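A.B. asks: I'll drop the sequence and a predicted model, then ask my questions.
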Amino acid sequence: MGPPPSRMMDHAPTTQPQFHPPMPAATTPRFMDQALAEAAAAAQAGEVPVGAVIVDGTSGRVLARAHNRVETDRDPTAHAELLAIRAAAAALGENARGKALTGCDLYVTLEPCPMCAQAIAFARLRRVYWGADDPKGGGVEHGPRIFEQPSCHHAPELYPGIGERQAATLLKDFFKARR
Ligand code: ZN
């Protein structure tokens, strides 16, 4: 890896992602319940059921809720996480620090794909809580493990397995119904 480009100079050096053990079901954050509700809404709309919520970690204010809109928008990049990041940045507006979501936390029902993981790094989100693992399409614990790459300049704290059972059931039911 060469020296970082100048626009990256003010960024902290690459950090290794910290994985945290799953929390007991009783402490599943209420925000994941909102992400699961978004995922259910996605399934109703014929979208792969993935939902995301972004919360200001200090105030606990929900900045954005989104679900997959790939089919609805005819946009292959309209993943729940990307839509939530855009909406949260817009909601922060003037208060966004360097267009980043520093201090904000993402709750998403499925392990983020490589595209969304990179977007999470760009947004400098503080924590990522996710539900089901995605061995085939995930980019955090699987595939390219984006946060561990030298090209990645921000690694959030990672909390897998939050609301995992509900998230996996939504996905399983959706694909079963489509066969
Ligand atoms: Zn994605």
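C.D. replies: Yep, that arrived.

A.B. asks: Strands along this protein, start to end?
C.D. replies: For the chain, the strands defined by DSSP state E cover 18-19, 51-56, 62-67, 104-110, 127-132, 157-159.

A.B. asks: To the ion, which of these lies closest?
C.D. replies: The ion lies closest to strand 104-110 among the strands of the chain, at 8.4 Å (Cβ to the ion). All C-beta spots, glycine's among them, are computed from the backbone N, C-alpha and C.

A.B. asks: what lines up beside the closest one in the sheet?
C.D. replies: If you go by DSSP bridges, strand 104-110 pairs up with strand 51-56 (antiparallel), strand 127-132 (parallel).

A.B. asks: and those, which is most packed in?
C.D. replies: For those, average neighbour numbers computed from mean count of other Cβ atoms under 10 Å are highest in strand 51-56, which has a mean of 27.

A.B. asks: ok, back up a step: and A168, which of the strands of the chain is closest to it?
C.D. replies: Distance to A168, taken as Cβ to Cβ, is lowest for strand 127-132 among the strands of the chain, at 4.2 Å.

A.B. asks: and the closest one, C-alpha only, in PDB?
C.D. replies: Provided in PDB are the C-alpha atoms of strand 127-132 (Å, rounded to 0.1, in the frame of the first residue of the first chain):
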ATOM      1  CA  ARG A 127     -21.300   0.700  15.000                       C
ATOM      2  CA  VAL A 128     -22.900  -1.800  12.700                       C
ATOM      3  CA  TYR A 129     -25.400  -4.300  14.200                       C
ATOM      4  CA  TRP A 130     -26.600  -7.000  11.800                       C
ATOM      5  CA  GLY A 131     -29.000  -9.900  11.900                       C
ATOM      6  CA  ALA A 132     -28.400 -12.800   9.600                       C
END
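
A.B. asks: can you give me how far it is from the chain middle?
C.D. replies: Mean-position distance between strand 127-132 and its chain equals 7 Å (Cα atoms, centre = their mean, to the nearest Å).

A.B. asks: How many neighbouring residues does the residue lying closest to L110 once chain neighbours are set aside have?
C.D. replies: Closest residue in space to L110, ignoring its immediate chain neighbours: V50 at 4.7 Å, by Cβ to Cβ, 6 or more residues apart in numbering. By the measure other Cβ atoms under 10 Å, the count of residues near V50 is 32.

A.B. asks: Same question for A39.
C.D. replies: A39 has 30 nearby residues by other Cβ under 10 Å.

A.B. asks: where does it land on pLDDT?
C.D. replies: A39 is assigned a pLDDT of 98 by the prediction.
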